[in-house]
Each structure stands twice: as structure tokens, then as C-alpha cells.
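After the sequence you'll find the predicted model.
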Amino acid sequence: MTKQQQNLIVNLRQKLHQCPEISGQEARTKRFAGILRAHTTLEILPCGEGFYAAHREKNASKPAIALRADYDALATLDGGAAHLCGHDGHAASLCAVGLLLEGKVVGRNVFLLFQPAEETGAGAYPCCELFQKEQILKIYGAHNLPGFPEARFIPGPARLPARRAG
Ligand SMILES: [Zn+2]
């Protein structure tokens, strides 16, 4: 990653941190998609109430995967909102992946899913349309998880949606 890209991502994380919006009200936050529009050729498409960035390869031989981040903030006791769960960092990190994917050949299509409303659970289900739409078999998410060793993969519960749209 170049110094310029690093600065972009650090600035993005700081901007997101200063503009926390709670689940379902992430209208301003969502504009961070602009960084991918401005600095990559990834296609930005709607997904549920969120969006995804598509890295497509003509000769992809491996199955497509998705990487997921969330971007809503938590409501605070004083009636405000704050990024207390690290979603500002999650979203900025996934944008960094987008910058790193630009112009690369990795042998598969990679979809970067940006999901709203993680804190209420409402944002996940509508985003499941991505699995069918882009034939994704595996999705990886990152989240701050106290109590576990750093940089480890913790398998999540394999839950499939009870019904699928379409
Ligand atoms: Zn969280």
C-alpha cells in the first residue's frame, strides 16, 4: 500500500469516526463509497440497504468470495451516537482492500460488502441477496472481538436465511 493510499484510509477512518450514525440512519456515512469511486474502477452496486464493490476477473478460476464490513454506530446514553464498536475501522479497512485489489489479478471475483444496521441485526438479511446474485459460497467478516487472541479466525455460526428473495 502506498503512503498516499494509507493517508486516504486513515483520513477516511477519522471522518467516519466524526460522523457516527445509528443503525438505519447511515445516509451520510454511506457516502464513503465515494472513495472507491474516486480511486478504483470497482463497480459499486446496491445491496439491501447497503452496497457492494465488485472486483471481477475475466478468467476467474476460483469460486467468488465476499468480504464484509459494517458501518453503523451505536446510540449513546445521552441520545447521541458514537463509533464504540469499531465499525468506522471495519469500513475503512475494507476500503483499503478495495484500493489494494485495484488492477490486481487474484484468480477470482471478490465482492466487498458494506452492510448497514449491524447493531440492530436488521441490515444483514437484506444483504443476503448478494450470495445468489454473485454466486458467492464464502463470506468473511472482520469484527473487534474482545476475549479472543489477536488476528485469529473465529468461525461464526453458519446460518442461512430461512427464505430467499427472488
Ligand atoms: Zn459491532
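Structure received. Quantities reported herein were computed from a predicted structural model and do not represent experimental measurements.

ok, residues contacting stretch 83-90?
13, 16-17, 20, 69-74, 76, 118-119, 142-144 (C-beta atoms under 8 Å, 6 or more residues apart in numbering). Every C-beta, even on glycine, is put in place using the N, C-alpha and C of the backbone.

Greatest separation within those: which pair is it?
76 and 142 (23.5 Å; C-beta to C-beta).

out of these two, which sits in the more crowded spot?
residue 142 (16 against 12; other C-beta atoms under 10 Å).

how many neighbours does the nearest residue to the more buried one once chain neighbours are set aside have?
Take residue 142 and drop its neighbours on the chain: the residue closest to it by C-beta to C-beta, 6 or more residues apart in numbering is residue 90, 5.9 Å away. Using other C-beta under 10 Å, residue 90 has 24 neighbouring residues.

so what does the host helix or strand of residue 38 touch, helix or strand wise?
In the assignment (DSSP states H and E), residue 38 maps to helix 33-39. If contacts are counted by 3 or more C-beta pairs under 8 Å, 6 or more residues apart in numbering; DSSP states H and E, helix 33-39 sits against helix 3-18, strand 43-47, strand 50-55, helix 87-101.

Just the C-alphas of the first one, formatted as PDB.
So that's helix 3-18. C-alpha atoms of helix 3-18 as PDB (Å, rounded to 0.1, in the frame of the first residue of the first chain):
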ATOM      1  CA  LYS A   3       1.700   6.200   1.500                       C
ATOM      2  CA  GLN A   4      -1.000   8.100  -0.400                       C
ATOM      3  CA  GLN A   5      -3.400   5.200  -0.100                       C
ATOM      4  CA  GLN A   6      -2.500   4.900   3.600                       C
ATOM      5  CA  ASN A   7      -3.300   8.500   4.100                       C
ATOM      6  CA  LEU A   8      -6.600   8.100   2.300                       C
ATOM      7  CA  ILE A   9      -7.700   5.300   4.600                       C
ATOM      8  CA  VAL A  10      -6.500   7.000   7.800                       C
ATOM      9  CA  ASN A  11      -8.400  10.100   6.800                       C
ATOM     10  CA  LEU A  12     -11.500   8.100   6.000                       C
ATOM     11  CA  ARG A  13     -11.400   6.300   9.300                       C
ATOM     12  CA  GLN A  14     -11.200   9.700  11.100                       C
ATOM     13  CA  LYS A  15     -14.000  11.100   9.000                       C
ATOM     14  CA  LEU A  16     -16.200   8.100   9.700                       C
ATOM     15  CA  HIS A  17     -15.400   8.400  13.400                       C
ATOM     16  CA  GLN A  18     -16.500  12.000  13.400                       C
END
